[in-house]
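Colleague: Using only what follows, build the 3D model:
(chains A and B)
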Amino acid sequence: MSRRTKYILKRCLKTIPIVLGVTLIAFLILHLTPGDPAQIMLGPYATEANIQALKEKLNLDRPLPIQYLTWLKNIVRGDFGTSIRWNRPVTVVVAERIGITLILTSAGLFISVVLGVLLGVGAALRKNSWLDYLCTTQAMFWISMPSFWLGILLLYVFGLKLRLVPIGGMTGITSVILPALTLGLRQEAWFARPMRAEMLEVLNQEYIKAAKAKGVGRFIVVAKHALRNALIPIVTMLALRLPWIIGGSVVIEIVFSWGGLGSLLVNSVLARDYPVVQAILLLIAVAVVLANLLADILYTFVDPRINLEGQ
Amino acid sequence: MVAEKDEEKRAGRGLRRRRTSQFYLIWLRFKRNRLALVGLSIVIIVILIALLAPVISPHDPYVTRPLRKLEGPSLEFPLGTDNLGRCVLSRLFYGSRIALQIGVLIILFEGSIGVFMGLISGFFGGWVDEIVMRLVDVLRSFPVIVLAMAIAGIMGQGIYNVVIALGIVGWTTYARMVRSKILSIKEEDYVEAAYSIGEPSYSVIARYVLPNALPTAIVMMAIMMPTALIASATLSFLGVGVQPPTPSWGSMVSAGRDYLLEAPWISTFGGLFIMFTVLGFNFLGDGLRDALDPTTSQR
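Modeller: As a prediction, this is how the structure comes out:
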């Protein structure tokens, strides 16, 4: 077995306890309710028989460990229970909404990476220019701004005042612009700064100097030699920022009235539809864990210098 | 500049016994940073607004005026009125009390959990360390706002549930920092010396390890304040945080969203107050971090 295979196997094994921990948290969250979860889920007008039926369905009258194991067993089989509000399988309710969230997160991710890389490269190439200054100071501006407020401002200026884009809901390609921009602008700084730092380092390497000395054009040097190596840390950054991008999309879906997972989550929390809440939590966390795993594995391929032994 | 450097040197050498605490050294480096001082001033202004809210507010923040809904800024209502005819400026002033109160409670709560977890994890190592760090990994797999919203929503709305929810989610950052600080303190000669004269571990922790890790934890809290402010405002915006009629910045932005066309000032000024406050704490926190560890911040 090569060192890389060994590393990848070890890394995969390490995710198992984390995924188990994630399921435990998603399970336990139901029991944070003040009082009887079945009663609270069904509301104050539920009949005794209905409450009893739900309790039996969710095994709420059995000991916690048994409840957890039964729940886990069902989930492994793909059964997340029935939504109390929609009275349909949770998997169906979630599956209907996931596409919208995927569109938003990928569009936001795309904008943030493209903006971040462009800004970072520009800043590195024109060190100490206004672009460089913008690149290093803008992060403070974005992280001080709540994303819901940025979304509302954009909505007001471009949707209501200038009428350039449709307001609210997802109606065609133009309606993606504002939400994706809201998401992307706040995240882009996280890519711009490492990109700038990495680019500056790469540009100082011997092979870049050699390429330049050989008479290779400036554009080719930057695009072909420098950028390719400087992009490596962006892979890790992508995985690190994923939870924040998903978290941001939850809020932004509410601002722009999109019917994705985020608004489903918020509405299910408010409507006390806990099976849906549990499923979405689990889905998001597992996606984050897998993205981190994937980034670590990718890293072994794109950067052969990485130390495979330690962490 | 030179005088300050000199002062720091003397403080470092312990010539002025009274003022050689770690905090004093941090302050000396802090006050050289202009942006940090701007941050400090903003924070002081916001604290003053919160303290003086009853004096400086033009109106009672709770009084509704059915006939004067959604009025634009005027002399009587400097930032206009909201959908119930309440004075927006007064509500924003009172909102700063809620925001600061929640923010401070959050960092105290998550800070204490984090320090405790980081302490036992770093000090005892072994399986304790393994369990704590895996728990950190698990919690960090959830986006902060997603998990906090689920917890706060399930526990029921209210200020304390916001604090508990964000505390449960947010302590991991402190735990990691404190743990690594403890690991380096454990290697110090004075800790070994304490052991060699037979001090039990609880006494070593209380007398040597904790006091040396505390400045890190306190600066950490200042750095985390912006996150706490934004996260709690976001929870209020989503409807699982502070409930109306209590004036909170997040729920004001949320309420103003429905009247964006007629009364854009409600959302706009609500967000501006959040941003101003958060920017102040960000400058302050950055300055503190640079002052705490000048080697990591040379950019």
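
Colleague: burial measure for residue B:119, as a count.
Modeller: 21 (other CB atoms under 10 Å in any protein chain shown). Just so you know, the C-beta spots here come from the backbone N, C-alpha and C atoms, and that holds for glycine as well.

Colleague: Could you do residue A:87 as well?
Modeller: For residue A:87, using other CB under 10 Å, the count is 8.

Colleague: now it: how far from chain B?
Modeller: As for residue A:87, its distance to chain B is 21 Å (criterion: CB to the nearest CB, to the nearest Å).

Colleague: contacting residues for the closest residue to residue B:57 other than its chain neighbours?
Modeller: Nearest residue to residue B:57 in three dimensions, chain neighbours excluded: residue B:90, at 3.8 Å (CB to CB, 6 or more residues apart in numbering or on different chains). Counting by CB atoms under 8 Å, 6 or more residues apart in numbering or on different chains, residue B:90 touches B:53, B:57-61, B:247.

Colleague: Greatest separation within the residues you listed: which pair is it?
Modeller: Longest distance between any two of the contacts of residue B:90 is 13.9 Å, between B:58 and B:247; criterion CB to CB.

Colleague: Compare those two (neighbour count), which wins?
Modeller: A side-by-side neighbour count of residue B:58 and residue B:247, using other CB under 10 Å, places residue B:247 first with 25 against 13.

Colleague: can you pull the contacts of that one?
Modeller: B:61, B:90-92, B:94-95, B:98.

Colleague: Quick check: which element contains residue A:150?
Modeller: helix A:147-154 (DSSP states H and E).

Colleague: Which stretches in chain A count as helices?
Modeller: Along chain A, counting by DSSP state H, helices occupy A:3-28, A:37-42, A:48-57, A:64-76, A:90-125, A:130-143, A:147-154, A:174-203, A:206-213, A:218-220, A:227-230, A:232-255, A:261-270, A:274-302.

Colleague: Which residues of the stretch 1-150 of chain B lie near chain A?
Modeller: Within reach of chain A by CB under 8 Å from any CB of the partner chain, the stretch 1-150 of chain B has these residues: B:134-135, B:137-147, B:149-150.

Colleague: go with 10 Å
Modeller: B:35, B:130, B:134-135, B:137-150 (CB under 10 Å from any CB of the partner chain).

Colleague: in the stretch 201-311 of chain A, which segments are predicted with low confidence?
Modeller: Applying pLDDT under 70 to the stretch 201-311 of chain A flags the ranges A:303-311.

Colleague: what does it have sitting close to chain B?
Modeller: The stretch 201-311 of chain A comes close to chain B at residues A:240, A:242-251, A:254-255, A:257, A:261-263, A:265-272, A:274, A:277-278, A:280-282, A:284-292, as judged by CB under 10 Å from any CB.

Colleague: Can you identify each of the helices in chain B by residue range?
Modeller: For chain B, helices defined by DSSP H occupy the ranges B:2-13, B:22-30, B:34-56, B:88-124, B:126-140, B:144-155, B:159-186, B:189-196, B:201-204, B:210-238, B:249-257, B:264-292.

Colleague: which of the contacts of residue B:247 lies closest to residue A:37?
Modeller: residue B:98 (29.8 Å).

Colleague: and that closest one, how far is that from chain A?
Modeller: Plainly put, residue B:98 is 15 Å away from chain A if you go by CB to the nearest CB.

Colleague: Next: residue B:178.
Modeller: Taken as CB to the nearest CB, the span from residue B:178 to chain A is 20 Å.

Colleague: same question, residue B:49
Modeller: 17 Å.

Colleague: can I assume that residue is in contact with residue B:96?
Modeller: Yes: applying CB atoms under 10 Å, one finds residue B:49 in contact with residue B:96, separated by 4.9 Å.

Colleague: who's more crowded, the two?
Modeller: residue B:96 (25 against 20).

Colleague: tell me the pLDDT at the more buried one?
Modeller: On pLDDT, residue B:96 comes in at 96.

Colleague: Next: residue B:156.
Modeller: Predicted confidence (pLDDT) for residue B:156: 85.

Colleague: residues near the nearest residue to residue B:136 once chain neighbours are set aside, how many?
Modeller: Leaving aside its sequence neighbours, residue B:136 sits nearest to residue B:172 (CB to CB, 6+ apart; 4.4 Å). Using other CB under 10 Å, residue B:172 has 23 neighbouring residues.

Colleague: same check, this time on residue B:169
Modeller: So residue B:169, with other CB under 10 Å, has 24 neighbours.

Colleague: ok, back up a step: give me the common contacts of residue B:49 and residue B:96.
Modeller: Common contacts of residue B:49 and residue B:96 (CB atoms under 10 Å, 6 or more residues apart in numbering or on different chains): B:273, B:277.

Colleague: Quick check on the contacts of residue B:90: which are buried?
Modeller: Buried members of the contacts of residue B:90, counted by 16 or more other CB atoms under 10 Å in any protein chain shown: B:53, B:57, B:59, B:61, B:247.

Colleague: what comes up buried for stretch A:227-247?
Modeller: By 16+ other CB under 10 Å, the buried positions in stretch A:227-247 come out as A:227, A:229-247.

Colleague: can you check stretch A:86-106 too?
Modeller: Buried residues in stretch A:86-106 (16+ other CB under 10 Å): A:86, A:89-90, A:93-94, A:97, A:100-101, A:103-105.

Colleague: List of residues touching stretch A:115-127?
Modeller: Outside stretch A:115-127, the residues touching it (CB under 10 Å, 6+ apart) are A:129-136, A:138, A:181, A:184-185, A:187-203, A:218, A:222-223, A:226-227, A:230-231, A:234, A:237, A:241.

Colleague: where does chain B dip in pLDDT?
Modeller: B:1-20, B:22, B:293-299.

Colleague: dump the residue contacts of the residue nearest to the spatial centre of it.
Modeller: Note on chain B: the residue nearest the mean C-alpha position is residue B:225, at 1.7 Å, using CA atoms, centre = their mean. Residues near residue B:225 by CB under 10 Å, 6+ apart: B:43, B:100, B:103-104, B:106-107, B:277-278, B:280-282, B:284-285.

Colleague: so what's the residue lying closest to it once chain neighbours are set aside up against?
Modeller: Nearest residue to residue B:225, sequence neighbours excluded (CB to CB, 6+ apart): residue B:281, at 4.4 Å. Counting by CB under 10 Å, 6+ apart, residue B:281 touches A:144, B:39-40, B:42-43, B:46, B:100, B:103, B:222-230.

Colleague: what does residue A:239 give?
Modeller: Residue A:239 touches A:288-296, A:298-299, counting by CB under 10 Å, 6+ apart.

Colleague: what's the answer for residue B:165, then?
Modeller: A:32, B:106, B:144, B:147-155, B:231-232, B:235, B:240-241.

Colleague: and if we set it to 6 Å?
Modeller: When contacts are counted by CB atoms under 6 Å, 6 or more residues apart in numbering or on different chains, residue B:165 touches B:148, B:151-152.

Colleague: Repeat that for residue B:288.
Modeller: B:219, B:222.

Colleague: Next, work out how far apart it and chain A are.
Modeller: For residue B:288, the distance to chain A - CB to the nearest CB - is 14 Å.

Colleague: Repeat that for residue B:39.
Modeller: Per CB to the nearest CB, residue B:39 is found 10 Å from chain A.

Colleague: how close does that residue get to residue A:293?
Modeller: Using CB to CB, to the nearest Å, one obtains 38 Å as the distance from residue B:39 to residue A:293.

Colleague: Same drill for those two, tell me which one is more crowded.
Modeller: A count of neighbours by other CB under 10 Å puts residue B:39 above the other of residue B:39 and residue A:293, at 22 against 18.

Colleague: so what's that one closest to, chain neighbours aside?
Modeller: Excluding the flanking residues, the one nearest residue B:39 by CB to CB, 6+ apart is residue B:283, at 2.6 Å.

Colleague: Wait, that neighbour touches residue B:35, no?
Modeller: Yes: applying CB atoms under 6 Å, one finds residue B:283 in contact with residue B:35, separated by 5.0 Å.

Colleague: give the contact list for residue A:91.
Modeller: With CB under 6 Å, 6+ apart, residue A:91 has these contacts: residue A:80.

Colleague: Okay then, goodbye and thanks.
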